[in-house]
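> no sequence for this one, just the structure:
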Ligand code: SAH
């Protein structure tokens, strides 16, 4: 059974969604996303499966949309940009996403990367995504509920790449120990209204960083010990 057959509200939306997705991919291209593997991955993931029924018709707009609990599914352009940055030096074997949200970014990563872990702190979002990944047949993305005491998933690392999809006030250096040698991390950093994407590279014990595009993410809730 195809995934969409299990969702009566999107039955009949299949063809329309394929056309809308193709238009979205053309938009990403026109905005300067050139990585064909990223464009192809985003062409395969059905974003309408990751939003509420009421949002189905807007699922392929290039905008963030509410997913409940004060959180949002990220704008497709930002998903494309972050994914591109994450694989720019070669495709990592394993990746950690912090901030599962709707599961959409995790699904895009799962199209490209063999082993994907994604962690979420809001339990109902986590539960919903677990069901969604099973229904949609994603086997290489593992959703986990965040621990209260620590950021990330120290028990499963180190990771070749880390993607943080919530905005940190300051660079979350506590994640450095979850980065394997040669790993990179893509993370939005800065006070609300002044956030930028930062890419951190690990080379042995050296960590270097580049600051890129201005972005706007919901806050990363930093656990304290
Ligand atoms: N990547 C998501 C969008 C993320 S919205 C998508 O594709 O839909 C940011 C998410 O990060 C929210 O769901 C929020 O609850 C979660 N979050 C914030 N702080 C977190 C933390 N410390 N650990 C895990 N998840 C966190």
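That came in fine, so what should we check first? Computed from a predicted structure; not experimentally measured.
> buried stuff in whichever helix in the chain runs longest?
Counting by DSSP state H, the longest helix found in the chain is helix 14-30. Residues of helix 14-30 classed as buried by neighbour count (16 or more other C-beta atoms under 10 Å): 17, 20, 21, 24, 25, 27, 28. In short, each C-beta sits where N, CA and C put it, glycine included.
> same question, stretch 76-94
Quick answer for stretch 76-94 (16+ other C-beta under 10 Å): 76-87, 92, 94.
> How about stretch 171-189?
So, applying 16+ other C-beta under 10 Å, buried residues of stretch 171-189: 171-172, 175-176, 178-180, 183-189.
> mind listing what the residue nearest the centre of the chain touches?
With distances taken as C-alpha atoms, centre = their mean, residue 105 lies nearest the centre of the chain, 2.8 Å away. Residues in contact with residue 105, defined by C-beta atoms under 8 Å, 6 or more residues apart in numbering, are 74, 79, 82, 83, 97, 118, 163, 165.
> hmm, back to that, how about TSV for the buried residues of stretch 171-189, with pLDDT added?
Formatted as TSV, the buried residues of stretch 171-189 follow (pLDDT from 0 to 100):
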residue	pLDDT
171	98
172	98
175	98
176	98
178	98
179	98
180	98
183	98
184	98
185	98
186	98
187	98
188	98
189	98
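> Could you point out which of these is nearest to the ligand?
residue 172 (8.9 Å; C-beta to the nearest ligand atom).
> roughly how far apart are the closest one and residue 112?
From residue 172 over to residue 112 the distance is 24 Å, taken as C-beta to C-beta, to the nearest Å.
> related to what we said a few turns ago, among the buried residues of helix 14-30, which one lies nearest to residue 140?
Set against residue 140, the nearest of the buried residues of helix 14-30 by C-beta to C-beta is residue 21 (21.3 Å).
> Give me the pLDDT value at that closest one.
For residue 21, the model assigns a pLDDT of 97.
> So which of the buried residues of stretch 171-189 belong to strands?
In strands, judged by DSSP state E, the following of these are found: 179, 180, 183, 184, 185, 186, 187, 188, 189.
> Kindly list the single helix or strand of this protein that scores lowest on mean pLDDT.
helix 14-30 (a mean of 93; mean pLDDT, DSSP states H and E).
> what's the following helix or strand after that helix?
Per DSSP states H and E, the first helix or strand lying C-terminal to helix 14-30 is helix 36-44.
> How about residues contacting the next helix or strand after that following helix?
Going down the chain from helix 36-44, the next helix or strand is strand 65-68, by DSSP H and E. Residues from elsewhere that reach strand 65-68 (C-beta under 8 Å, 6+ apart): 50, 51, 52, 55, 58, 59, 72, 73, 101, 102, 124, 125.
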